[in-house]
Each structure stands twice: as C-alpha cells, then as structure tokens.
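Enquirer: Sequence first, predicted model second:
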Amino acid sequence: MPFDLSSVLFYVRVGIALLGAFIAALWLALTLWTFRDMRSRSRDPLAQVMAALVVAVLNIPGFIIYLILRPSQTIAQSYEQSLEEEALLQQIEERLVCPGCSRATKADWRICPHCQTALKKVCKQCGALIELNWNVCASCGTTAPGKEGKLGEVEEEE
Ligand SMILES: [Zn+2]
Ligand SMILES: [Zn+2]
C-alpha cells in the first residue's frame, strides 16, 4: 500500500475541525452553564452577565475562578435556610417558662408544680385560664381577678 499524503492530510484536517468544534461547543456550554448557575445564586443581572463574561473571555481558567468565587448557596437554598431559622426562633419564643424557677411549663398550668408560682389566673365567671397580664377573660370578657379597678380606667378612655 503506497503512502498517500493527501488522504493523511485530509484526516488531519477533519481531526482538527472536529477538535475545534468540540472546543467551541465546550466553550459555549461552559459559558451558558455559568450564566444559568449564577442566575440560580444571584438576582443581580449584572453579576449574572459578569460571571458569564469572565468564563467566555478566560475559558477554563475563568471557569475555575468562577467556581471558587461563586456564592456558596443558591437562592432557593438560602430561602429554605432562612425559613428554618425562623421556625427555630419561633419555637424558642413559644417555649413557656415559669417566671419563678425558669423551668418549662405548659400552657394549661395554673400554678408551677416546682415552685408554686402562680402562672395563670382563673376567671370567676367561666373558669377559663387568664394570663397574668390580661385585664379581662379572653373567653367571656369578665374582668380578671385583681384587675377590677383597671377595667374602669379603660372604659373611661373610650
Ligand atoms: Zn416554677
Ligand atoms: Zn371567663
């Protein structure tokens, strides 16, 4: 089989063209991926375009720089985290504690079983529990025990 230079050159040329197409596709894919990835991490359109531009100009080194510098959380992730933190805070706030001994109490307890501190008042009219700082019963509207004088003042203001 004789050595055919023209067919070898043809295959070399095809190889170079394929490699060029692959690199161009890779470059486009990296740039697009960066733009989409940044869009999920930042609402700032300038930051999105800048990130894509860095990768478009610097190619693979730019892509590596982007991976190092990009925001660590996506918008969805940080939203989820803030929801979790809020729920945790609410749990702490809702945890009832005895003012006398700082031990955990329950919402329907009238007196702390540990130190006998009064936690709630009882309505004379309907027997419902009333918070110590409330002036009237939340169930029936009767003036709370020990606050009879205060209701008169409220009525005068109205
Ligand atoms: Zn107590
Ligand atoms: Zn009542």
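Expert: On my side now, so go ahead. Ligands and ions are numbered 1, 2, ... in the order given.
Enquirer: what about Ala52, how many residues close to it?
Expert: 22 (other Cβ atoms under 10 Å). The C-beta positions use only the backbone N, C-alpha and C, and glycine is treated the same way.
Enquirer: Go ahead and confirm it touches Met38.
Expert: Yes: counting by Cβ atoms under 8 Å, Ala52 touches Met38, with 7.0 Å between them.
Enquirer: Look up which helix or strand the residue most central in space within the chain falls in, please.
Expert: Central residue of the chain (Cα atoms, centre = their mean): Ser82, 2.4 Å from the mean position. Applying DSSP states H and E as the criterion places Ser82 in helix 75-94.
Enquirer: cool, Ile130 as well?
Expert: According to DSSP H and E, Ile130 maps onto strand 129-131.
Enquirer: partners of that strand in the sheet?
Expert: Strand partners for strand 129-131, identified by DSSP bridges, are recorded as strand 120-122 (antiparallel).
Enquirer: what separates the residue nearest to the centre of the chain from ligand 2, distance-wise?
Expert: 40 Å (Cβ to the ion, to the nearest Å).
Enquirer: Look up how far Leu129 lies from that residue.
Expert: Separation of Ser82 from Leu129 (Cβ to Cβ, to the nearest Å): 35 Å.
Enquirer: For the closest residue to Phe35 other than its chain neighbours, list the residues it contacts.
Expert: Spatially, and ignoring its direct neighbours in sequence, Phe35 is nearest to Ala52 (3.9 Å; Cβ to Cβ, 6 or more residues apart in numbering). Contact analysis of Ala52 by Cβ atoms under 8 Å, 6 or more residues apart in numbering lists Thr31, Leu32, Thr34, Phe35, Met38.
Enquirer: Need the CA coordinates for the helix holding Ser82. CSV is fine.
Expert: Taking Å, rounded to 0.1, in the frame of the first residue of the first chain, the C-alpha atoms of helix 75-94 are listed here in CSV:
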residue,chain,number,x,y,z
ILE,A,75,-31.4,31.5,46.2
ALA,A,76,-33.7,28.5,46.9
GLN,A,77,-31.2,27.1,49.5
SER,A,78,-30.8,30.4,51.3
TYR,A,79,-34.6,30.9,51.3
GLU,A,80,-35.0,27.4,52.8
GLN,A,81,-32.4,28.2,55.5
SER,A,82,-34.0,31.4,56.5
LEU,A,83,-37.3,29.6,56.9
GLU,A,84,-35.7,27.0,59.1
GLU,A,85,-34.1,29.7,61.2
GLU,A,86,-37.4,31.5,61.6
ALA,A,87,-39.2,28.3,62.7
LEU,A,88,-36.4,27.6,65.2
LEU,A,89,-36.7,31.1,66.6
GLN,A,90,-40.5,30.8,66.9
GLN,A,91,-40.1,27.5,68.8
ILE,A,92,-37.8,29.2,71.3
GLU,A,93,-40.2,32.1,71.8
GLU,A,94,-43.2,29.8,72.2
